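Chemist: Sequence first, then the predicted structure:
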Amino acid sequence: MEKRAFTMAEACEYLGGISRQNMYVLLGKGEIDGFHIGARRYFTRERLDTFIDARLGLWPEVDDMIENALAEEDD
């Protein structure tokens, strides 16, 4: 079974080994969000992947190519 949620340390590692301090900066800016269970904060894989995807900075031409390819698959 694949994990859906990560602890702070695991999320930092998942994002390439960023520091806890950098993670708190991203949280403060609203670039990443998590949830609490008691005093612990967790991050979902989906939200971390969304953050990574947004940071990839794909060029608009690539986005168009992907959308066109997906549209062709649906036809």
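Modeler: It's in.

Chemist: Give me the residue at the spatial middle of this structure.
Modeler: L48 (2.1 Å; C-alpha atoms, centre = their mean).

Chemist: doesn't F6 make contact with it?
Modeler: Yes. Between L48 and F6 there is a contact under C-beta atoms under 8 Å: 7.0 Å. C-beta coordinates here come from the backbone N, C-alpha and C atoms, glycine included.

Chemist: Need the residues touching each of the two.
Modeler: Residues touching both L48 and F6 by C-beta atoms under 8 Å, 6 or more residues apart in numbering: Y14.

Chemist: any idea where the helices of the protein begin and end?
Modeler: Remark: helices assigned in the chain by DSSP state H are 8-14, 20-29, 45-55, 60-74.

Chemist: before we move on, the earlier item: spatially nearest residue to the residue nearest to the centre of the chain (excluding sequence neighbours)?
Modeler: Y14 (5.6 Å; C-beta to C-beta, 6 or more residues apart in numbering).

Chemist: What is the neighbour count of that neighbour?
Modeler: 17 (other C-beta atoms under 10 Å).

Chemist: The one 4 residues further on now?
Modeler: With neighbours defined by other C-beta under 10 Å, the count for I18 comes to 14.

Chemist: what's it in contact with, if anything?
Modeler: C12.

Chemist: go again using 10 Å as the cut-off
Modeler: The contact partners of I18, by C-beta atoms under 10 Å, 6 or more residues apart in numbering, come to A11, C12, V25, L26.

Chemist: hang on, the first one packs against A5?
Modeler: If I follow you right, that is A11. Yes. In this structure, A11 is within contact of A5 by C-beta atoms under 10 Å, at 8.9 Å.

Chemist: what about N68, neighbour count?
Modeler: 10.

Chemist: before we move on, what about E10?
Modeler: 15.

Chemist: and if you look at F43?
Modeler: Residues near F43, counting by other C-beta under 10 Å: 24.

Chemist: how much space is there between C12 and E46?
Modeler: 17 Å (C-beta to C-beta, to the nearest Å).
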